[in-house]
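Asks: what shape does this take:
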Amino acid sequence: MGIWHNISSFIKLQFGTVDPALLLEQFVYDEKSPLIFSSGLFLFMFAIFIVIYSLLSKKSLARTLFVVAFSYFFYYKTSGLYFFLIAIVTCSDYIIGECLSMSRARWLRKMLVALSLVIDLGLLGYFKYTNFFGQIFGNITGAPWHDLDIFLPVGISFFTFQSLSYIIDVYRRKIKPVDNLLDYAFYVSFFPQLVAGPIVRASDFLPQMYKPLKVTREMLGTGFWFILTGLFKKAVISDFISINFVDRVFDNPVQFSGIENLLGAYGYGLQIYCDFSGYSDMAIGLALLMGFRFNINFNNPYKAVSVTDFWRRWHISLSTWLRDYLYISLGGNRKGKFRQYVNLFVTMLLGGLWHGASLNFIFWGALHGIALIIHKMWMTISRGWNVITSKWWNVVMTIVTFHFVIFAWMLFRNVDITWNGLFHGGNWGNLRIMLSQITSSFHPELLLDVVGGYWQVMALIVLGYVLHFVPDSLSQRCKQAFVKMPIALYAVALIVLIVIIVQIKTSEIQPFIYFQF
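Replies: Take a look at the predicted model:
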């Protein structure tokens, strides 16, 4: 009775009483409550969706129309009427792709790619960067700038980059254009990865579209595994430690000792990983239940032995996109060491800007760019040294890399760095206060009191990092054991997880961090 009471409470929490008017409201966009994977409403809607999707398994056209319609509705529930932006990007890039396939003149093909860049990056630039660059202009010229009231549509950075990769690949003749506009709409708007990635390449996705729909027993089990692990990361670990500790420290660090600020930084490192990788895991799992395979987007990034290794493990779909479409286009490592270092720095600087229109993101990207350059230099200098191949050296470098990344996350998280503060006194906001507390007011003797006062948060932080650092072989064995379980146990595992979420839920479900990017 206790379990079913908790499930009933969870449903009531999401939908309220069974009132037709209240139920109808769930299908109308609410700016304060966007639709996200970890919400009861989405899980309920997806359960209905997957049943209809399965019934249409042998009707390709109807199934495609249904998925596109649901994807547009899903985006409407996250960003309201701004779903028309997806339609603009879809229609323009589909037409440009068709023109590219028919064009032979090199100058014309370049003009078509430039047109796509202007449209896609123009939309992204207006909605995301207008006020940011207006503030820069105002600070340079001294002219007053008043921020425009511009709504940032969720996930605009993701679907514009995804569509751009299609145009560039068609231009490079790596892929052929899609058969029709509906197929391209399916690719661009596919809802599992629409608003927070992973950024799916057309070369990986389109061939799967034209194959007969087939969801194997292995895909079903693996899909449930990714959904459950993603939901656990997001709704249990990330949300709980964020609401009950991390946000408090970052919002007002002067009220906390240095040891609490340091633990808050460690907590944020785990929070952002569990939040973003949790979304990616759920997207991969949902896609598998629909018969599509996505590449992995996170590969235990805090196990990295260098910053270069970190970017091979963190947000892989973005880092490889930046490598293939920006870094290589700038010249990559083909034009000498100095040019390679410049290309690395520019790529990471723009990668930081991609994350948000704020100085902290630019500095965060620049910091990672400098670290990548230093690592490249070090690898050149230390080539042939036996010490750098030893096991203990890797352990030391993993610790060093981890703490560099945590420091960079502190910069990433503190968005209160302003142009005025930067140029008039160098005020770095809460970041300066956090570093000051850690270096001058550490108070390690408070550790036991802090752990005792926040024992639930600390237990989840320890659990999260332990699960992250378990050997890959053990993780694979656990996944394989889960996949081989009877299908009915998948539903039981989901119910148990929902009960856990209900028990620890202390506020409204938190949006995914990367929704703002």
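Asks: burial count for Val496?
Replies: Neighbour count for Val496, taken as other Cβ atoms under 10 Å: 12. C-beta coordinates here come from the backbone N, C-alpha and C atoms, glycine included.
Asks: may I ask which helix or strand encompasses it?
Replies: Per DSSP states H and E: Val496 is located in helix 487-504.
Asks: ok, Leu286 to Ser203 distance?
Replies: For Leu286, the distance to Ser203 equals 21 Å [Cβ to Cβ, to the nearest Å].
Asks: so between these two, which is more surrounded?
Replies: Neighbours were counted for Leu286 and for Ser203 using other Cβ under 10 Å; Leu286 has more, 24 against 12.
Asks: excluding its backbone neighbours, what's nearest the more buried one?
Replies: Leaving out its chain neighbours, the residue that sits closest to Leu286 by Cβ to Cβ, 6 or more residues apart in numbering is Pro192, at 4.2 Å.
Asks: cool, Phe232 as well?
Replies: Spatially, and ignoring its direct neighbours in sequence, Phe232 is nearest to Leu497 (6.2 Å; Cβ to Cβ, 6+ apart).
Asks: might one say that that neighbour is in contact with Lys234?
Replies: No. Using Cβ atoms under 8 Å, Leu497 is not in contact with Lys234, being 11.1 Å away.
Asks: and the two? which has more neighbours close in?
Replies: Neighbours were tallied for Leu497 and for Lys234 using other Cβ under 10 Å; the higher tally belongs to Lys234 (27 against 17).
Asks: got the domain boundaries for this structure?
Replies: With domains defined by automatic domain parsing, the chain comprises 1-25, 55-209, 215-298+429-509, 303-415.
Asks: for the third one, the distance to its chain's centre please.
Replies: In terms of Cα atoms, centre = their mean, to the nearest Å, the centre of domain 215-298+429-509 is set 14 Å apart from its chain centre.
Asks: what about Leu108, how many neighbours?
Replies: Leu108: 13 surrounding residues under other Cβ under 10 Å.
Asks: tell me how far it lies from Gly97.
Replies: With distances taken as Cβ to Cβ, Leu108 is found 14 Å from Gly97.
Asks: with His443 instead?
Replies: Remark: distance between His443 and Gly97 (Cβ to Cβ) = 60 Å.
Asks: same thing with Pro177?
Replies: When distances are taken as Cβ to Cβ, Pro177 and Gly97 turn out to be 4 Å apart.
Asks: where among the domains of the chain is average confidence lowest?
Replies: Mean pLDDT is lowest for domain 1-25 among these, at a mean of 52.
Asks: hey, where'd the helices end up in the stretch 251-400 of the chain?
Replies: Along the stretch 251-400 of the chain, the stretches classed as helices by DSSP state H, counting those that start in this stretch are 258-289, 307-313, 316-322, 337-355, 359-381, 391-413.
Asks: need the overlap of contacts for Pro177 and Gly97.
Replies: Listed as contacting both Pro177 and Gly97 by Cβ atoms under 8 Å, 6 or more residues apart in numbering are Val170.
Asks: what are the contacting residues of stretch 464-475?
Replies: Here stretch 464-475 makes contact (Cβ under 8 Å, 6+ apart) with 233, 237, 241, 270, 273-274, 300, 302-303.
Asks: near Asp472, how many other residues are there?
Replies: Neighbour count for Asp472, taken as other Cβ under 10 Å: 10.
Asks: ditto for the one 5 residues further on
Replies: Summarising burial for Arg477: neighbours were counted as other Cβ under 10 Å, giving 11.
Asks: go on, the one 3 residues further on?
Replies: Burial of Gln480, expressed as a neighbour count using other Cβ under 10 Å, amounts to 13.
Asks: now the lengthiest helix in the chain: buried residues?
Replies: With secondary structure taken from DSSP state H, the chain has its longest helix at helix 106-141. Neighbour counts using 16 or more other Cβ atoms under 10 Å place 109, 112-113, 115-116, 119-120, 123-124, 127-129, 131-132, 135, 139 of helix 106-141 among the buried residues.
Asks: and for stretch 178-196?
Replies: For stretch 178-196, the neighbour count (16+ other Cβ under 10 Å) marks 178, 183-196 as buried.
Asks: residue contacts, the residue nearest to Phe232?
Replies: Listed by Cβ under 8 Å, 6+ apart, the contact set of Leu497 reads 228, 231-232, 236.
Asks: again with Tyr325
Replies: Applying Cβ under 8 Å, 6+ apart to Tyr325 gives the contacts 164-165, 168.
Asks: do the same with Met219
Replies: Applying Cβ under 8 Å, 6+ apart, we find Met219 in contact with 288-289, 291, 293.
Asks: phi first, then psi, for Val28.
Replies: Taking degrees, to the nearest 10, you get phi -110, psi 140 for the backbone angles of Val28.
Asks: next one: it from Leu35, what distance?
Replies: Separation of Val28 from Leu35 (Cβ to Cβ) stands at 11 Å.
Asks: more crowded one of these two?
Replies: Using other Cβ under 10 Å, the more surrounded residue of Val28 and Leu35 is Leu35, with 23 against 9.
Asks: can you list contacts of stretch 104-117?
Replies: For stretch 104-117, contacts defined as Cβ under 8 Å, 6+ apart pick out 92-93, 96, 99-100, 103, 163-164, 167-168, 171.
Asks: which of those lies closest to Tyr490?
Replies: The closest of the contacts of stretch 104-117 to Tyr490 turns out to be Ser163 (Cβ to Cβ; 34.2 Å).
Asks: my guess is that closest one meets Ser189, correct?
Replies: No. Using Cβ under 8 Å, Ser163 makes no contact with Ser189, being 10.2 Å away.
Asks: give me the common contacts of those two.
Replies: Thr90.
Asks: now, which of the contacts of stretch 104-117 sits nearest Ser54?
Replies: Taking Cβ to Cβ as the measure, Ser54 sits nearest to Ser163 out of the contacts of stretch 104-117, at 28.7 Å.
Asks: what is the helix or strand containing that closest one packed up against?
Replies: Using DSSP H and E, Ser163 maps to helix 156-171. Helix 156-171 sits against helix 84-102, helix 106-141, helix 181-189, helix 202-209, helix 316-322, with contacts defined as 3 or more Cβ pairs under 8 Å, 6 or more residues apart in numbering; DSSP states H and E.
Asks: show me which pair in the contacts of Leu497 is furthest apart.
Replies: Farthest pair in those (Cβ to Cβ) is Leu228 and Val236. Separation: 10.6 Å.
Asks: look at these two and report which has more neighbours.
Replies: It is Val236, of Leu228 and Val236, that has more neighbours when counted by other Cβ under 10 Å, with 22 against 19.
Asks: the more buried one and Ser39, how far apart?
Replies: From Val236 over to Ser39 (counting by Cβ to Cβ), the distance is 14 Å.
Asks: repeat for Met379
Replies: From Met379 over to Ser39 (counting by Cβ to Cβ), the distance is 45 Å.
Asks: which of these two has more neighbours?
Replies: Higher neighbour count among Met379 and Ser39: Ser39, with 19 against 12, using other Cβ under 10 Å.
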